[in-house]
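>>> Sequence isn't available, so here's the structure alone:
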């Protein structure tokens, strides 16, 4: 069974059967789009493997670099010239960043081909591979190199696995993405709210912007606005799409009203939001 799945991964890479879907990250102040996270999707009728399995198997058979390169190429090619001026968040495995080919693939000449500037490219450090303590100094130097070249760094899945305060201190990222498990039902959990309030207090003086992942409920959005979280993404705002669409007017209205509620305690109007668009699904590919 594993052999057949490994063969499927090799075919996906060889035939470039990957496409990208883009999920917007928006300001929780005014609803403006900060950028898009590129999420990998398998582009074949019978994938035989899930996105998560694909990355695990690719690493086991020495194909992780090729797979990540393919995902980045598809993400940059698919974003389109009209959106190239917005930030593009790319999921990157920490150890892939060590590879000399990664540096070569991120040259300005390469980015120019897609009309993307280094300042609009955000490397989202994923948790697929843990960074061992003995390697952290080298990784800090590597991250610092990319930041000096105007690339930006985001720490993904904060609050899960090893993505904690120490990693934020070590890497000095521009963005920290709060794991969806901390966001889920935050309006019902004083403990979660206290944890995020401390995170806001810690990050704000350092100029680090917080992004809440996986927002699905209006009440979650209201609590995040009340806590002062800068940005958000999730199915309440917009599902990942191959061709990004403008943020729905009712979502922009919703943010305005929730900010008013958070600031003044005003009564909330009723917004009709189509719930079938926000069915919970796995956050595949990133």
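Happy to help now that I have it. Here the structure is a predicted model, which means the values were calculated and not measured. Numbers count the residues shown, from 1 in each chain.

>>> and stretch 72-83, which residues are buried?
Across stretch 72-83, burial judged by 16 or more other C-beta atoms under 10 Å covers 72, 73, 74, 75, 76, 78, 79, 83. For glycine as for every other residue, the C-beta is placed from the backbone atoms N, C-alpha and C.

>>> ok, so of the residues you listed, who is nearest residue 60?
residue 72 (20.5 Å; C-beta to C-beta).

>>> which stretch of helix or strand covers the nearest residue to the closest one once chain neighbours are set aside?
Spatial nearest neighbour of residue 72, chain neighbours left out: residue 90 (5.6 Å); criterion: C-beta to C-beta, 6 or more residues apart in numbering. Following DSSP states H and E, one finds residue 90 within strand 87-92.

>>> So what are the sheet partners of that strand and their directions?
Partners of strand 87-92 in the sheet, by DSSP bridges, are strand 33-42 (parallel), strand 121-125 (parallel).

>>> To residue 57, which of those strands lies closest?
With respect to residue 57, and counting by C-beta to C-beta, the nearest of those is strand 33-42 at 12.4 Å.

>>> Rounded mean pLDDT for that closest one, please.
Averaging pLDDT along strand 33-42 gives 95.

>>> Name the surrounding residues that touch that strand.
For strand 33-42, the external contacting residues (C-beta atoms under 8 Å, 6 or more residues apart in numbering) are 12, 17-27, 49, 51, 54, 71, 74-75, 78-79, 83, 86-91, 120, 122, 124, 231, 233, 240, 244, 247, 283-286.

>>> repeat that for 7 Å
12, 17-27, 51, 54, 71, 75, 79, 83, 86-90, 122, 124, 231, 233, 240, 244, 247, 284-286 (C-beta atoms under 7 Å, 6 or more residues apart in numbering).

>>> gap between it and the chain center?
7 Å (C-alpha atoms, centre = their mean, to the nearest Å).

>>> Can you name the element that comes right after it?
Immediately after strand 33-42, counting by DSSP H and E, sits helix 51-60.

>>> The helix or strand that that following helix is followed by vs strand 87-92, what angle?
Per DSSP H and E, the first helix or strand lying C-terminal to helix 51-60 is helix 64-78. Comparing the axes of helix 64-78 and strand 87-92 via axes from the mean of the first three to the mean of the last three C-alpha atoms, to 10 degrees yields an angle of 160 degrees.

>>> helices or strands next to helix 64-78 in the packing?
Packing contacts for helix 64-78, counted by 3 or more C-beta pairs under 7 Å, 6 or more residues apart in numbering; DSSP states H and E, involve helix 2-14, strand 18-27, helix 51-60, strand 87-92.

>>> Show the average pLDDT along it.
On average, helix 64-78 scores 90.

>>> now what about that helix, what contacts it?
With C-beta under 7 Å, 6+ apart as the criterion, helix 64-78 contacts 13, 16, 18-20, 38, 40, 55, 58, 88, 90, 92-93, 96, 99, 101, 105, 114, 116.

>>> Of the contacts of strand 33-42, just the buried ones, PyMOL syntax please.
Entered in PyMOL, the line below selects the buried ones among these, by 16+ other C-beta under 10 Å:
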select buried, resi 12+17+18+19+20+21+22+23+24+25+26+51+54+71+75+79+83+86+87+88+89+90+122+124+231+233+240+244+247+285+286
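
>>> Point to the helix or strand of the chain where mean pLDDT is at its lowest.
Between all helices and strands in the chain, the lowest mean by mean pLDDT, DSSP states H and E belongs to helix 100-105, at a mean of 72.

>>> how deep is the nearest residue to residue 182 once chain neighbours are set aside tucked in, by neighbour count?
Closest residue to residue 182 apart from its sequence neighbours, by C-beta to C-beta, 6+ apart: residue 159 at 4.5 Å. Residue 159 has 20 neighbours, counted by other C-beta atoms under 10 Å.

>>> and if you look at the one 5 residues further on?
Around residue 164 sit 12 other residues, with neighbours defined as other C-beta under 10 Å.

>>> Could you tell me how far it is located from residue 236?
Using C-beta to C-beta, to the nearest Å, residue 164 is found at 26 Å from residue 236.
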